[in-house]
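Colleague: show me the folded form of this:
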Amino acid sequence: MSSETYKTIFKNGSKGQNNRGQKYTVVDYKGSDEVGLTFDSYPDLIQYHHAGSLRKGFARNKMDSAGLLGKRFENFHGEWATVVNAEDYKKVVVVFDNNKDKEYIYSGGNLPRGIFRNPNSLSAKVGDRFKNNEQGIWCTVVDSTSCRAVVVIFDSHPEKPQSYTSGNLARGYFRNAYFPSIAGKGCIGEGKYRVVDGNGSCVAYHKWANAIIRCYCPESLKIRPKYKDCTVSEDWLIYQNFAEWYVNHESCGVGYELDKDLLIKGNKVYSAETCTLIPQEINKLIVDSGGQKGEYPIGVSLHYDKSGFISRFHTEGSEKYLGFYKTPEEASVVYVLAKEAYVKEVAEKWKGKIEDKAFKALMNWEVYPKEAI
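Modeller: Model prediction:
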């Protein structure tokens, strides 16, 4: 087709129709990129299209988006609505049969699927019961003054009201924030802290969950029986509380480990008062504080020919030999003096890089703390 023919088809006054059978008249031809026309159903509205779209029949009436104008749709609550304006497919205007004096806007793609809601029509009433999909637990509506914030109480946690949209309640898309999902003890709780971050994981969450698993998970206790008498404080069983402590700790964000043993000798409780964050080097160094372990004292082993005893301890990346002794008591004394001196040396290395009370605890650290004797 010649360029002359292309132009003359769309001169002012030319008529045509699109592939939906909608008839139009060209009223403002400005060039192939901007052909102004009016559809017969909307003669007072000029709409602009590309000439190529007109030739292929793809130019649709923007006021009758996808043929939605005048159509009726039913939402998932059984409410009917009629389309009164479809100028923009992403912003289709409807009125509900039970509320004809107000217009609402929805996506044209959601209307045929029933995924739209009348904001003024509450689908959840006080006393209604709902069961969620993920946890399989029931709740009861106690306040439904707003469909965007329906207040419910769960059977398992009646003292902790939570709010959800009426649509999510109806579909079961809601969770009890206080459901003990970690080892039957820990829950996420309500708050700003998430269990994942932009990288798909969260350090705070993993430290919290690991502490609870160590104390309460039967499988974990079989592997680490030393945690069988350990517990997590009531407030830390809620992730939001632990995360608040963690992110505000002065050593947060530098890869330190959660430790419950340094600040209080013989401590068995994970809590804000008893825990700190320390480097892995320190955490490994103080792990053997306590009473005698095995047949011989800490740091003492029988020589291979059974003629005496060897004293030694592990430093960062190596083992320090302290000598050969006739009795385990002699070997133990040497070990205790050397180990406690080395801990103070490491403390000085990390001074200013750990919180002050952790530094002071290291300077006072003992292999055999008096409380444990």
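
Colleague: show me what the longest helix along the chain is packed up against.
Modeller: Taking DSSP state H as the criterion, the chain has its longest helix at helix 328-350. For helix 328-350, the packing partners by 3 or more Cβ pairs under 8 Å, 6 or more residues apart in numbering; DSSP states H and E come out as helix 280-285, strand 300-302, strand 309-315, strand 318-325, helix 356-363. All C-beta spots, glycine's among them, are computed from the backbone N, C-alpha and C.

Colleague: the third one pairs with which strands, parallel or anti?
Modeller: According to DSSP bridges, strand 309-315 forms sheet pairs with strand 300-302 (antiparallel), strand 318-325 (antiparallel).

Colleague: which one of these lies closest to Val287?
Modeller: strand 318-325 (14.9 Å; Cβ to Cβ).

Colleague: give me the buried positions along the closest one.
Modeller: Buried residues in strand 318-325, defined by neighbour count with 16 or more other Cβ atoms under 10 Å: Leu322, Tyr325.

Colleague: off-centre distance for it?
Modeller: Here strand 318-325 is found 49 Å from its chain centre; the criterion is Cα atoms, centre = their mean, to the nearest Å.

Colleague: give me the residues contacting that strand.
Modeller: 299, 303, 308-314, 331, 334-335, 338, 342 (Cβ atoms under 8 Å, 6 or more residues apart in numbering).

Colleague: and the angle from it to helix 328-350?
Modeller: 150 degrees (axes from the mean of the first three to the mean of the last three Cα atoms, to 10 degrees).

Colleague: what is the rounded mean pLDDT of strand 318-325?
Modeller: For strand 318-325, the mean per-residue pLDDT is 89.

Colleague: and if you look at stretch 339-355?
Modeller: Mean predicted lDDT for stretch 339-355 stands at 95.

Colleague: in it, which residues are buried?
Modeller: Lys339, Glu340, Tyr342, Val343, Val346, Ala347, Ile354, Glu355.

Colleague: ok, of those, which one's closest to Phe154?
Modeller: Glu355 (38.2 Å).

Colleague: grab the nearest non-local neighbour of that closest one.
Modeller: Nearest non-adjacent residue to Glu355, counting by Cβ to Cβ, 6 or more residues apart in numbering: Glu250, 5.4 Å away.

Colleague: nearest residue to Val94 other than its sequence neighbours?
Modeller: Ala81 (4.1 Å).

Colleague: which strands or helices does the host helix or strand of the one you found pack on?
Modeller: Under the criterion of DSSP states H and E, Ala81 resides in strand 80-88. Using 3+ Cβ pairs under 8 Å, 6+ apart, the elements in contact with strand 80-88 are strand 72-74, strand 91-96, strand 99-106.

Colleague: and for the residue nearest to Gly67 when sequence neighbours are not counted, the neighbour number?
Modeller: Of all residues not flanking Gly67 in the chain, Arg20 sits nearest, at 6.4 Å (Cβ to Cβ, 6+ apart). Residues within reach of Arg20, counting by other Cβ atoms under 10 Å, total 13.

Colleague: try Tyr164
Modeller: Neighbour count of Tyr164, defined by other Cβ under 10 Å: 21.

Colleague: my guess is it contacts Val150, does it?
Modeller: Yes - using Cβ atoms under 8 Å, Tyr164 is in contact with Val150, at 5.9 Å.

Colleague: from the buried residues of stretch 339-355, which is closest to Tyr193?
Modeller: When the buried residues of stretch 339-355 are compared against Tyr193 (criterion: Cβ to Cβ), the nearest one is Glu355, at 21.2 Å.

Colleague: so the nearest residue to Lys15 once chain neighbours are set aside bridges to which residues?
Modeller: Counting by Cβ to Cβ, 6+ apart, Lys15 lies nearest to Thr25, which is 5.2 Å off, once chain neighbours are set aside. Note on Thr25: beta-bridge partners by DSSP bridges are Lys15, Thr38.

Colleague: please list all residues in contact with Thr25.
Modeller: Here Thr25 is in contact with Gly13, Ser14, Lys15, Leu37, Thr38, Asp40 (criterion: Cβ under 8 Å, 6+ apart).

Colleague: distance of Lys207 from Ile264?
Modeller: 19 Å (Cβ to Cβ, to the nearest Å).

Colleague: what does Lys349 give?
Modeller: Distance from Lys349 to Ile264, by Cβ to Cβ: 23 Å.

Colleague: what of Lys360?
Modeller: For Lys360, the distance to Ile264 - Cβ to Cβ - is 12 Å.

Colleague: also Asn248?
Modeller: Taking Cβ to Cβ, one finds Asn248 at 21 Å from Ile264.

Colleague: neighbour count: the two, which is higher?
Modeller: Using other Cβ under 10 Å as the criterion, Asn248 and Ile264 rank with Ile264 on top: 16 against 8.

Colleague: isn't that one right up against Cys275?
Modeller: No - taking contacts as Cβ under 8 Å, Ile264 lies outside contact range of Cys275: 9.4 Å.

Colleague: any chance of a markdown table for the contacts of strand 318-325, columns distance to Tyr178?
Modeller: Putting those into a markdown table (distance: Cβ to Cβ, whole Å) gives the following:
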| residue | distance to Tyr178 |
| --- | --- |
| Gly299 | 46 |
| His303 | 57 |
| Gly308 | 59 |
| Phe309 | 54 |
| Ile310 | 53 |
| Ser311 | 52 |
| Arg312 | 50 |
| Phe313 | 45 |
| His314 | 43 |
| Ala331 | 53 |
| Val334 | 53 |
| Tyr335 | 48 |
| Ala338 | 49 |
| Tyr342 | 45 |
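
Colleague: buried ones among these?
Modeller: Applying 16+ other Cβ under 10 Å to those flags Gly299, Phe309, Ile310, Ser311, Arg312, Phe313, Ala331, Val334, Tyr335, Ala338, Tyr342 as buried.
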